[in-house]
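1. kindly generate the corresponding structure for this input.
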Amino acid sequence: MKTLFVLSALAEALLLLALWNAGRRHVLAGLRNPYKGPEPFEPSPRVAMIVPVTGDTPAVRAGLKSLLEQDYPNLRYFLVTRDGSDPAVGVIDALIAGRGDAVRLVSGPAETSGQKNHNLLAGVAQARHWADIYVFCDSTHVARPDLARLLARPIAEGKGVMSGGFHRVVPHNDTTPTLGMLLACMFLHCLQPVRAVTQPWGGAMAVSRKAFEEHGIQAVWSTNIVDDFSLGPHLAKKGIRTWPVGEACLETPLKSVPFAIWQDWLTRQLLYLKFCTPEMWLGVVPVIWLFFGPALLALFGALGAVFGAADPWWLGAAALYGAAFFGLGLLYRQLAPLRVRLLPWTLGFFATPLMAAWCYLRTWTTFHMRWRGTSYKVGWGGKVLRVIRQ
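-> Predicted coordinates:
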């Protein structure tokens, strides 16, 4: 048992340290390179920004407003709702009134895919005869004015056919669920520059029209539950990886996130892994062990030592483990967009791996994807088998 604990604790520490080292420059790029004004480049391809929208919330209003203030000159907007009764319709119409570069579209209800995919394809259908590059964005994150330019530039310069950004949670309080979502996004953000495993993020990604058509992305999206996690593996099989753009980082302001929201959000991210790449979902079992195994062994070993049922060695080992994990938390604290008090940050850093392990266990008994009143029965590879509207 001691050997298992020592090896697991070392592996966990090395994994977190390697992740921090691989991603810290990328994560900090957006923080240390703020928007400096328009910077034109040639050639200047025609860009269609396609944004699926639903609901009328402060996040949607702020996100759409920021997207509609892009500085890229050769840009048109295609904002897509499921139907004309969506509360987002009034928000969109008010924001684009009198503009000739933006249209609102209605996609209709999805029958063979996730609703977001269906909305994206409705935008593509309207934009394909004009655009050279498609930029796909979520409506609930605040974008820099140069987001479209940052995503289009690597494609225009021939660095790749697909580029991607990410988002950072900006915490407006320091409750554990809020910081847990910040840390989960931060860990994923650190993976972005690791080309062997990086995945596009649907909230800010760009694909050339030529690649979109040549590689059958429409066929993939038209039957799949999700946009990014289906696109990444599909193109990876063809040797195509996302070109990560560190500065293309959106902001997600959060405050007082309920525990249930944190749990359901993280479970949903892991469900995409299960449905779209089940081999990867099974392959992360050792990582999940590292998330909770060392902490569990340290806790029970220390308790056993206190009550005389285990070797006193466990007290020192548990203290050393806690100190090392605390030190790793201080490293990741350097990547936070705002300064967070030390105690709440430490609680969040210790809690997040445990929550990830718990949410992963939940995916073993979950066979439907539920989102905004719709349940999707999903099969192998993320294919939608049935849409159940509640």
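2. so how far is the helix or strand Met355 falls within off the chain centroid?
-> Using DSSP states H and E, Met355 sits in helix 342-363. Using Cα atoms, centre = their mean, to the nearest Å, we find the averaged C-alpha position of helix 342-363 to lie 17 Å away from the chain's own average C-alpha position.
3. could I get the buried residue list for it?
-> By neighbour count with 16 or more other Cβ atoms under 10 Å, helix 342-363 contains the buried residues 344-349, 351-353, 355-357, 359-360, 363. The C-beta positions use only the backbone N, C-alpha and C, and glycine is treated the same way.
4. packing partners of the helix ranked longest in the chain?
-> Counting residues, the longest helix found in the chain (DSSP state H) is helix 2-32. Applying 3 or more Cβ pairs under 8 Å, 6 or more residues apart in numbering; DSSP states H and E, we find helix 2-32 packed against strand 162-171, helix 176-191, strand 243-254, helix 285-306, helix 313-333.
5. figure out which of these is closest to Gly55.
-> strand 243-254 (15.4 Å; Cβ to Cβ).
6. show me what counts as buried in the closest one.
-> 243-252, 254.
7. could you pull out the helices for the stretch 101-250 of the chain?
-> Taking DSSP state H, counting those that start in this stretch, the helices of the stretch 101-250 of the chain run over residues 115-127, 147-156, 176-191, 209-214, 217-221, 228-236.
8. any idea which of those gets closest to Leu7?
-> Using Cβ to Cβ as the measure, helix 176-191 is the one of the helices of the stretch 101-250 of the chain that comes nearest Leu7, at 21.9 Å.
9. from the chain's centre, how far out does the closest one sit?
-> Its chain's average C-alpha position is 10 Å from that of helix 176-191, according to Cα atoms, centre = their mean.
10. what about stretch 43-56, start to end distance?
-> End-to-end distance for stretch 43-56: 37 Å, by Cα to Cα, to the nearest Å.
11. before we move on, back to that, ok, which of the helices of the stretch 101-250 of the chain comes nearest Gly308?
-> Ranking these by their distance to Gly308 (criterion: Cβ to Cβ) puts helix 176-191 first, at 32.9 Å.
12. next, the angle strand 243-254 makes with that closest one.
-> Between the axes of helix 176-191 and strand 243-254, defined by axes from the mean of the first three to the mean of the last three Cα atoms, to 10 degrees, the angle is 170 degrees.
13. quick one, what contacts the residue lying closest to Cys190 once chain neighbours are set aside?
-> For Cys190, the nearest residue in space outside its immediate sequence neighbours is Gly23; the separation is 2.6 Å by Cβ to Cβ, 6 or more residues apart in numbering. The neighbours of Gly23, taking Cβ atoms under 8 Å, 6 or more residues apart in numbering as the test, are 189-194.
14. now pLDDT and distance to Ala88 too, for the buried residues of strand 243-254, in a markdown table please.
-> A markdown table is the format used below for the buried residues of strand 243-254 (pLDDT from 0 to 100; distance: Cβ to Cβ, whole Å):
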| residue | pLDDT | distance to Ala88 |
| --- | --- | --- |
| Trp243 | 95 | 31 |
| Pro244 | 95 | 30 |
| Val245 | 96 | 27 |
| Gly246 | 95 | 30 |
| Glu247 | 96 | 28 |
| Ala248 | 97 | 24 |
| Cys249 | 96 | 24 |
| Leu250 | 97 | 18 |
| Glu251 | 97 | 20 |
| Thr252 | 97 | 18 |
| Leu254 | 96 | 20 |
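15. what's the closest of those to Ala11?
-> Relative to Ala11, and with distances defined as Cβ to Cβ, the nearest of the buried residues of strand 243-254 is Pro244, at 26.0 Å.
16. what bridges to the closest one?
-> According to DSSP bridges, the residues that bridge with Pro244 are Gly164.
17. near the closest residue in space to Pro258 that isn't next to it in sequence, how many other residues are there?
-> The spatial neighbour of Pro258 that comes closest, neighbours along the chain excluded (Cβ to Cβ, 6+ apart), is Pro177 at 6.5 Å. Pro177 is surrounded by 22 other residues when neighbours are defined as other Cβ atoms under 10 Å.
18. close enough to count as contact, Pro177 and Phe259?
-> Yes. In terms of Cβ atoms under 8 Å, Pro177 counts as a neighbour of Phe259; the distance is 5.2 Å.
19. so the one helix or strand Leu64 maps to versus strand 243-254, what angle?
-> Using DSSP H and E, Leu64 falls within helix 58-67. Helix 58-67 runs at 140 degrees relative to strand 243-254, counting by the same axes, to 10 degrees.
20. so which residues make contact with helix 58-67?
-> Applying Cβ under 8 Å, 6+ apart, the external contacts of helix 58-67 come out as 49, 51, 53-54, 77, 79, 88, 91-92, 95, 137-145, 147, 253.
21. which among those end up buried?
-> Listed as buried from those are 49, 51, 53-54, 77, 79, 88, 91-92, 95, 137-144, 147; burial here means 16+ other Cβ under 10 Å.
22. next, Val91: secondary structure please.
-> For Val91, the secondary structure call by DSSP: H, G, I helix; E, B strand; the rest coil comes out as helix.
23. that concludes my questions; thank you for your assistance.
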